[in-house]
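Asks: I would like to see how this sequence folds:
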Amino acid sequence: MLIQGGIAHYDTPIGIICLDSKFPKPSGHIRNPTTFKFPTVQHVVKSVDVRRLLFEPTPDLIEPFIQAAKELELSGVEAISGSCGFLALYQRDIAAAVNIPVLLSSLLQVPLLQMMYSPKVRIGILTASKQALTPKHLEGVGIVHQDSLFIKGMESKEHFWTCIVEGERHNFDIKIMEQEIRESARELKKQHDIDVLILECTDLSAFSAAIQEDVQVPIFDINTLVELTQSALWRTTYNRHRFM
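Replies: Just a heads-up that it's a prediction; the model follows:
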């Protein structure tokens, strides 16, 4: 049996398009290699940071992301994800530019959840910035019904905002960060009595278990989407025993 050569990455199901950021990526973050039980590889898009993607998404900004996706595909990965949910704005265009699955935002799971649950389901979305998350982002990942979505941003949380969004420093206190994120999730749950929570921001995923302790609802994020895709790409071999 021949094994294909000429690629950079072997047995690597997921390639990750990353923003140019220097804050910590603890275990549970999509960019931390210990997060998943399978290999991933990263491609950093230089000079595009969180703030630029959130607040300056000019039409030309898509080009370096398309190039990154093409390079990841050529390198041998089997699917492409992203390190920021706001790439939802470019989901369709980047998917069309390559021939492998593209899953840039946890928000891709919203239409699925709207089908999985009752039409009355109340879906909370915790995002870095409610102001920056526009209807175009939601439409970009196929969300048609937006009236049952309840969005809360992290604008009021100084430690998160100054580090993750503004990039004023390259470190954070993980206890303070967790406290701010848990507070935001509790506020969202209290204000809107949500049934399920989507973490739009990939920087929240490392704290998903702690969040769930507080809000007591199912939580979906970029990690659940990546793990779903990987499980489809690399199916488990099941041992079946028949007793005659």
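Asks: what's the pLDDT at N239?
Replies: N239 carries a pLDDT score of 80 in this model.
Asks: Quick check: phi and psi on it?
Replies: Main-chain torsions, N239, degrees, to the nearest 10: phi -90, psi 120.
Asks: What distance do you get for it to D49?
Replies: 48 Å (Cβ to Cβ, to the nearest Å). Every C-beta, even on glycine, is put in place using the N, C-alpha and C of the backbone.
Asks: more neighbours, those two?
Replies: D49 (18 against 5; other Cβ atoms under 10 Å).
Asks: Low-confidence regions, this structure specifically.
Replies: 241-244 (pLDDT under 70).
Asks: Show me the strands in it, by range?
Replies: Remark: strands assigned in the chain by DSSP state E are 14-18, 40-44, 79-82, 102-103, 123-127, 149-153, 196-199, 219-220.
Asks: Please convert those to CSV, extending it with distance to Y117 and mean neighbour count.
Replies: As requested, the strands of the chain are exported to CSV (distance: least, Cβ to Cβ, whole Å; neighbours: other Cβ atoms under 10 Å):
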stretch, distance to Y117, mean neighbour count
strand 14-18, 27, 24
strand 40-44, 30, 17
strand 79-82, 24, 26
strand 102-103, 21, 24
strand 123-127, 8, 25
strand 149-153, 13, 20
strand 196-199, 7, 25
strand 219-220, 12, 22
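Asks: can you put those in CSV and add distance to D173?
Replies: What follows is the strands of the chain, written out as CSV (distance: least, Cβ to Cβ, whole Å):
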stretch, distance to D173
strand 14-18, 23
strand 40-44, 25
strand 79-82, 26
strand 102-103, 31
strand 123-127, 20
strand 149-153, 21
strand 196-199, 20
strand 219-220, 23
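Asks: closest one to Q114 among these?
Replies: In terms of Cβ to Cβ, the element of the strands of the chain nearest to Q114 is strand 123-127, at 7.3 Å.
Asks: what residues go with each domain of the protein?
Replies: 14-105+227-233, 106-220 (automatic domain parsing).
Asks: what about the shortest one, distance to the chain center?
Replies: If I follow you right, that is domain 14-105+227-233. 9 Å (Cα atoms, centre = their mean, to the nearest Å).
Asks: coming back round to it: reformat the domains of the chain as a markdown table; add distance to L2.
Replies: Shown next, in a markdown table, are these (distance: least, Cβ to Cβ, whole Å):
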| stretch | distance to L2 |
| --- | --- |
| domain 14-105+227-233 | 15 |
| domain 106-220 | 35 |
